[in-house]
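In: What shape does this take:
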Amino acid sequence: MEGSSNSRNVSNYEILAQYYDELLQDEEALSLWLNYIEKDKFESVLELASGSGVMAGILKRKGYDVTASDISAEMKEASKKNYDGPYLLLNMTDYDLGKQFDLVLCICDSINYLYEDELDKFFSCAYKHLNNGGRLIFDMHSIERLKEFSEEYIEEGYVSNVPYQWTITADEYENSIHEHFTFYTPDGMIQESHSQNVFEINMIKEKMKDLFDVEVIEDFVEDEKVLVIGHKK
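Out: Now for the predicted structure:
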């Protein structure tokens, strides 16, 4: 693939935000999430790691009171085409909004960006921001994903007329998944890397047990995603 001889590396969705929906949006997964999100009644929702705002926009159009959030300013900017409500820049392990919600939502395996020692803060912040009887819903990579990417996955194509290469590898020793994106733009080659940690279900249950009654749907997406629903105690 050809591009300018210039090359730079970026992080934190600085470039991927521009192409996120075209590359990664999954209509089937959105429907699956909605089935569980709307299983119980709620009015207000705080979405963590909202990304390009697709789910926030869907929920807002359905009439829910939605507050979106993400750590990436680039993702907040990209969300404007999908969602027109409040969008906060925050770290999902360290925030205090001074209010509670019926639902705290974190989808698209965003929790896997955390390290194990950050999970307690994630759960305690969510708990603090839930009304009595509220729910925390999140999905995460299944442990089987480590086997799936034990051999490097490579995808090449065009996104918004820009050539790209996307590779995924897994480290079964470290329980981690690593994604690397290369975009061959007219201004040069831009590379962005992301790493995620894959967690054992029993460890997640153990960390949540004092705060939530936990329901786990292990076959949410077979061999790919686990869905976890925590009901605030």
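
In: What segments of this protein are strands?
Out: Using DSSP state E, the strands found in the chain span residues 7-10, 44-47, 65-70, 87-89, 101-106, 130-141, 153-159, 162-171, 176-185, 188-197, 212-221, 225-232.

In: rank those by mean pLDDT and give me the bottom one.
Out: Ranked by mean pLDDT, those bottom out at strand 7-10, with a mean of 68.

In: related to what we said a few turns ago, put together CSV for the strands of the chain, with distance to residue 30 on each row.
Out: The way it works is simple: take the backbone N, C-alpha and C, and place the C-beta from them, glycine included. Formatted as CSV, the strands of the chain follow (distance: least, Cβ to Cβ, whole Å):
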stretch, distance to residue 30
strand 7-10, 27
strand 44-47, 13
strand 65-70, 15
strand 87-89, 19
strand 101-106, 12
strand 130-141, 12
strand 153-159, 20
strand 162-171, 21
strand 176-185, 21
strand 188-197, 20
strand 212-221, 12
strand 225-232, 13
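
In: and those strands as a markdown table, adding distance to residue 95 and mean neighbour count?
Out: Below are the strands of the chain laid out as a markdown table (distance: least, Cβ to Cβ, whole Å; neighbours: other Cβ atoms under 10 Å):
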| stretch | distance to residue 95 | mean neighbour count |
| --- | --- | --- |
| strand 7-10 | 25 | 13 |
| strand 44-47 | 9 | 24 |
| strand 65-70 | 8 | 23 |
| strand 87-89 | 8 | 16 |
| strand 101-106 | 11 | 24 |
| strand 130-141 | 13 | 21 |
| strand 153-159 | 32 | 12 |
| strand 162-171 | 30 | 17 |
| strand 176-185 | 25 | 18 |
| strand 188-197 | 21 | 17 |
| strand 212-221 | 18 | 15 |
| strand 225-232 | 17 | 21 |
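
In: how about those strands, which one is nearest residue 23?
Out: strand 153-159 (5.5 Å; Cβ to Cβ).

In: What is that closest one packed up against?
Out: Counting by 3 or more Cβ pairs under 8 Å, 6 or more residues apart in numbering; DSSP states H and E, the packing neighbours recorded for strand 153-159 are helix 16-24, strand 162-171.

In: The first one vs strand 188-197, what angle?
Out: With axes from the mean of the first three to the mean of the last three Cα atoms, to 10 degrees as the criterion, the two stretches helix 16-24 and strand 188-197 enclose an angle of 70 degrees.

In: Would you mind checking the average pLDDT for helix 16-24?
Out: 92.

In: which residues touch that helix?
Out: For helix 16-24, the surrounding residues in contact (Cβ atoms under 8 Å, 6 or more residues apart in numbering) are 13, 51-52, 54, 72, 74-75, 77-78, 82, 108, 159-160, 162, 164, 166, 181, 183, 192, 194.

In: I'd say residue 85 and residue 64 touch.
Out: No. In this structure, residue 85 is not within contact of residue 64 by Cβ atoms under 8 Å, at 9.8 Å.

In: what domains does the record give for the protein?
Out: 16-142+199-232, 144-196 (automatic domain parsing).

In: Quote the end-to-end distance of the longest one.
Out: So that's domain 16-142+199-232. Terminal residues of domain 16-142+199-232 lie 34 Å apart, using Cα to Cα, to the nearest Å.
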